[in-house]
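Student: Got a sequence here, can you model it:
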Amino acid sequence: MSYYVWHWAFDRSSHNQFTLPYEAQSPITKKNKYYSSEDDIWNEIEQIEKSNNKYSIGQQLFYLVPIFANPNYIIDNEHLQLLNEYHYITEYNIPLAHNLDEANAYKLSMFNIIKNEMSLALNHKANKKDGNSKS
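Tutor: Numbering: from 1, shown residues only. Here you go, the predicted structure:
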């Protein structure tokens, strides 16, 4: 979800540069690696998550995924649906539930990710537009 928020905020189009199976440079090891399945891509993403970086996971993936993978392998329709639902709830003040006890815990978690990554992504985009990107 973190990656999709950045992908959406920067209106990035997916590419078809990498079609399984393929060989590409790992952004972690900097060595060529053979990717034969989506599991290999997700394993690489896990390594990125473990690399103690000062940037959010969404920002890291936004810049690193296009280096080694086709974004279509990690983005699915659920991401768009969650982002749309988040906007409907926040923009139109539509309640997620009658009370906190009735709220879907998964959606609360996803909406928290969306809120945090959206703030970081839009801030980064504004700074980049002004020519003073420090993040």
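
Student: Going by C-alpha atoms from here, please, whenever you check contacts or count neighbours.
Tutor: Will do.

Student: This protein: strands as residue ranges?
Tutor: 22-25, 32-35 (DSSP state E).

Student: Paired strands for the first one, with orientation please.
Tutor: Partner strands and pairing direction for strand 22-25 (DSSP bridges) are strand 32-35 (antiparallel).

Student: Report the buried residues of the strand it pairs with.
Tutor: 33, 35 (16 or more other CA atoms under 10 Å).

Student: same question, stretch 5-21
Tutor: Applying 16+ other CA under 10 Å to stretch 5-21 flags 5, 6, 7, 9, 18 as buried.

Student: which non-adjacent residue is nearest the third one?
Tutor: In this structure, residue 7 finds its nearest non-sequential neighbour in residue 62, 6.5 Å apart by CA to CA, 6 or more residues apart in numbering.

Student: burial measure for that neighbour, as a count.
Tutor: Neighbourhood size, residue 62 [other CA atoms under 10 Å]: 21.

Student: What score does the nearest residue to residue 22 once chain neighbours are set aside have for pLDDT?
Tutor: Nearest residue to residue 22, sequence neighbours excluded (CA to CA, 6+ apart): residue 35, at 5.4 Å. The model reports residue 35 with a pLDDT of 97.

Student: packing partners for the longest helix along the chain?
Tutor: Secondary structure of the chain per DSSP state H: the longest helix is helix 105-129. If you count contacts as 3 or more CA pairs under 8 Å, 6 or more residues apart in numbering; DSSP states H and E, helix 105-129 packs onto helix 2-9, helix 77-92.
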